[in-house]
Structures are given as structure tokens and as C-alpha cells.
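Novice: this one's structure only:
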């Protein structure tokens, strides 16, 4: 049974409605801490939540508490209601949140709200899978949901154990090819690099040039052993081989360690880091566990023949 994804039957009854004391009990406060290190005190569980952090939407959906969300950033989910938040404009955002009558807002960075908006804000900017799971546990504390707390703790224990086991294995060098002019690569600074490290791999490439390209010498000295491309753009492998003909000798190509991953893993890896971690673990260390995707249709027939030579 997979240990990530939507919370199971255990939470269905508990998460369909808010706890009874939400409306009946006197003020019952809870103290929490966000990713900016700020301590926040909530007098009672917020009933109307605005998500100005796009990556927070899947977390609220998986928690079973999405019924509390009244508005979210554009492009962050099909199930958002009322209106989409103008998250790039702090003044317009404050006005939109006010009209939504939200009593709690999640933001992706500190000071992203107009100071005129008097509303508890919570910074959501996880930098690891465990930190993301801690947010899930925070929701369990705020809304008094012991099953959700137990779920978050059990998944965290599984991630810790598998990550520790992966760290003891040899780290495979990973190159992530993305769309650019004509292509680009993810480097050590990208959030996905953190998840790759957690899964027992590494992205050893430093900053790319203005076009997003890595120097050929850098690739020669650190030839990738795994190549990742977006499942929506498998032609990137051919573009890569055209731009770097020497890549035919790289281990990733020679041993066909070329995989496609869903685009969200590249664009917003911390939207669902547990699922991303499981996918990467299945690619890098399938002997440990995780759900590896099918190999990408990495090259056309002519290119495949060249690779075999």
C-alpha cells in the first residue's frame, strides 16, 4: 500500500466537517510556528482560509480540509472557489482576501501582504519533505484531528527511514533537462535538488549561464548517471543529444537511465514532495522502495541505434 497521497478512509469521517467545538466551544487557542520562524496564535480553528501560496493547495486537499479554503492563487488548482487571488500584487491581494472574508491566509513569503490587511498570515515555504509533513501535522493540531496527526507522523517516519537508507548507498549524479532556448538544466539551487538529495542522489552542477546551459567541460567531468525530462516534453532528450553529442558516452545514455517525470515535479516540487520523493527513490534506488515511473521514450529509432553502438 502506498504511504503517500490522499489520506485514507480513516480520515473521511473526521475531515468532512469541522470539529463540533469549532462553533460551540469557547476560545481554545493553539500556538504554531511557520516557515519564517514566526509564532502564530490562533484563538480558534479558522473557518475561511485563503491560500496565496500555490504549492499549499495540494497539502490542504490531501488533509481533507479543503472545504475551509475560500480562495486560492490562479493556476494552483481546479477546485478553488469564489475567485482566484492576485498573488503578485500585494494591494490587490489584500482587497481580494478582504472580499473573501477570509480569517487566515497562507503566503509563500514573508511580507507579501499589504500592511493594511489585519489578518493572521502563515508562511508556507518548506525546504524538505519532512518540513512539508510538519505543515500537515500543524493542520491536525489547529483543527484537532488526531487521525491526521497520526498519518503525518507515520509518513514522516517512513520518509526518514527510507532517506537514511538511501544516504548509505552510492549517490548517482542526476541531470534534469527542461525546456529553454533550446533547452536548459536544473542546478543545485533548484528546489528539486533537495528532493534528489533526500532520495540518495545529487545534482552536482552549479549555476548555469544566462541561457540556462551548463558548460560542456562541467558535464564531461561530472557525467550524469541519470537523466530526467518532463513527461510532457520527451523530445528534450533528442535536443540534449544534438546540443551535446559527447553525451552518447555518458552513463545515463549508455545504460538507458533516462526517465520522464511529471511536469509539476520540475515546476513546483514542493506541491507534493512525498510523492516526488517516492518517485525519485524508485528511480535512484529501486531496491529501497518507491514508485519508479516507466522509462521515457527517450530517443527516436535512429538515436536509439546510435546509443547501442
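Specialist: All right, it came through fine. From a predicted model like this one, the values you see are computed outputs, not experimental measurements.
Novice: List the buried residues for stretch 216-229?
Specialist: For stretch 216-229, burial by neighbour count (16 or more other CB atoms under 10 Å) applies to 219, 222-229. For every residue, glycine as well, the C-beta is placed using N, CA and C.
Novice: would TSV of those residues with distance to residue 55 be doable?
Specialist: As requested, the buried residues of stretch 216-229 are exported to TSV (distance: CB to CB, whole Å):
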residue	distance to residue 55
219	30
222	29
223	32
224	27
225	29
226	25
227	25
228	20
229	22
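Novice: could the residues you listed go into TSV alongside distance to residue 249, secondary structure and pLDDT?
Specialist: TSV is the format used below for the buried residues of stretch 216-229 (distance: CB to CB, whole Å; DSSP: H, G, I helix; E, B strand; the rest coil; pLDDT from 0 to 100):
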residue	distance to residue 249	secondary structure	pLDDT
219	11	helix	92
222	13	coil	93
223	7	coil	96
224	11	coil	96
225	12	coil	97
226	15	strand	97
227	13	strand	96
228	19	strand	96
229	19	strand	93
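Novice: any idea which of these is closest to residue 164?
Specialist: Top of the list for closeness to residue 164, among the buried residues of stretch 216-229 and by CB to CB, is residue 226 at 20.6 Å.
Novice: hang on, the earlier thing: would you point out the most distant pair within the buried residues of stretch 216-229?
Specialist: 222 and 229 (18.4 Å).
Novice: Now do the residue nearest in space to the middle of the chain against residue 164, distance only.
Specialist: The chain has residue 270 as the residue nearest its centroid, 1.7 Å off, counting by CA atoms, centre = their mean. Distance of residue 270 to residue 164, given as CB to CB, to the nearest Å: 21 Å.
Novice: With residue 181 instead?
Specialist: 40 Å.
Novice: was I right about residue 223 contacting residue 174?
Specialist: No - counting by CB atoms under 8 Å, residue 223 does not reach residue 174; the two are 11.5 Å apart.
Novice: Now do the same for stretch 250-264: mean pLDDT, whole number.
Specialist: What stretch 250-264 shows for mean pLDDT is 93.
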